[in-house]
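A.B. asks: Got a predicted model here, sequence first, then my questions.
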Amino acid sequence: DGGITQSPKYLFRKEGQNVTLSCEQNLNHDAMYWYRQDPGQGLRLIYYSQIVNDFQKGDIAEGYSVSREKKESFPLTVTSAQKNPTAFYLCASEDRGRGNQPQHFGDGTRLSIL
Amino acid sequence: GESVGLHLPTLSVQEGDNSIINCAYSNSASDYFIWYKQESGKGPQFIIDIRSNMDKRQGQRVTVLLNKTVKHLSLQIAATQPGDSAVYFCAGALAGNNRKLIWGLGTSLAVNP
């Protein structure tokens, strides 16, 4: 079954620690996205990548980093510089080769502070 | 700045009734709109989309209406079922190569049996 897999489902971070959230897709999509969702708010874009080895900052990139070494994978690192990391993190992918297409989402990683 | 927002944060309907969820957008350069359904603890699930050259699009039990004059779109769910209970988001994409989505805050739909 094609789709997007995020892991882990729950993650806990200690003070001063970097943590990495995994996102893998087998949809053969070029574009991938990371969003942050806080209670009662819409999705806010952290980083996005339109092609392998290229990525751009979104609206709230500070304290986060990404890499895109493979088409299938777009891991997000929440660094110790992100002072309020507790949130629900969503990864999405999109087929940019066929005009307007919706983004497809994984089931998220919930990050909490220990 | 750009925004996509919802008129009501919550909507409660009786099972079997029709539901209408509204969304307003501010940037007339938005040319593609998407409705998503998000259940608790899960990622948003695509429901239906519409391009700006259309006024209406129908899916299975869902219809999206787009009024570009007043920058408004709505999602209509026919014969609402308990399984429709979720948060519904609209998102709009700006024309151009970037095509970042601008998201609304979401409307929570509760279906009463």
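C.D. replies: Noted; the coordinates are in hand.

A.B. asks: hey, let's count contacts and neighbours off CA atoms from now on
C.D. replies: Will do.

A.B. asks: ok, which residues in chain A are in contact with chain B?
C.D. replies: Residues of chain A lying near chain B by C-alpha under 8 Å from any C-alpha of the partner chain: A:40-44, A:90, A:100, A:102-108.

A.B. asks: Would you list the buried entries among the residues you listed?
C.D. replies: For the residues of chain A next to chain B, a neighbour count by 16 or more other C-alpha atoms under 10 Å in any protein chain shown gives the buried set as A:42-44, A:90, A:100, A:102-108.

A.B. asks: Any buried residues in stretch B:12-28, and which?
C.D. replies: In terms of neighbour count (16+ other C-alpha under 10 Å), stretch B:12-28 has its buried residues at B:13, B:15, B:19-25, B:27.

A.B. asks: Stretch A:19-27 now?
C.D. replies: Buried residues in stretch A:19-27, counted by 16+ other C-alpha under 10 Å: A:19-25, A:27.

A.B. asks: And the average pLDDT for it is what?
C.D. replies: Computed over stretch A:19-27, the mean pLDDT rounds to 97.

A.B. asks: residues making contact with it?
C.D. replies: Contact partners of stretch A:19-27, identified using C-alpha atoms under 8 Å, 6 or more residues apart in numbering or on different chains, comprise A:2-8, A:13, A:72-79, A:91, A:93, A:106, A:109.

A.B. asks: C-alpha coordinates for that stretch, CSV please?
C.D. replies: C-alpha atoms of stretch A:19-27 as CSV (Å, rounded to 0.1, in the frame of the first residue of the first chain):
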residue,chain,number,x,y,z
VAL,A,19,15.7,14.5,18.4
THR,A,20,15.0,13.3,14.9
LEU,A,21,11.5,12.5,13.5
SER,A,22,11.4,10.1,10.6
CYS,A,23,9.2,10.5,7.5
GLU,A,24,9.3,8.0,4.6
GLN,A,25,7.1,7.9,1.5
ASN,A,26,6.7,5.3,-1.2
LEU,A,27,4.4,7.4,-3.4
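
A.B. asks: residue ranges of the strands in chain B, please?
C.D. replies: Along chain B, the stretches classed as strands by DSSP state E are B:4-6, B:10-14, B:19-25, B:30-38, B:45-51, B:56-58, B:62-67, B:72-77, B:86-94, B:101-103, B:107-112.

A.B. asks: pLDDT averaged over the first one, what's the number?
C.D. replies: In this case it means strand B:4-6. Per-residue pLDDT over strand B:4-6 has a mean of 56.

A.B. asks: separation between A:Arg94 and A:Asn100?
C.D. replies: I think there's a mix-up here, since residue A:94 is Glu and not Arg. According to C-alpha to C-alpha, to the nearest Å, A:Glu94 stands 9 Å off from A:Asn100.

A.B. asks: repeat for A:Asn28
C.D. replies: 16 Å.

A.B. asks: One more: B:Thr10?
C.D. replies: As for B:Thr10, its distance to A:Asn100 is 29 Å (criterion: C-alpha to C-alpha).
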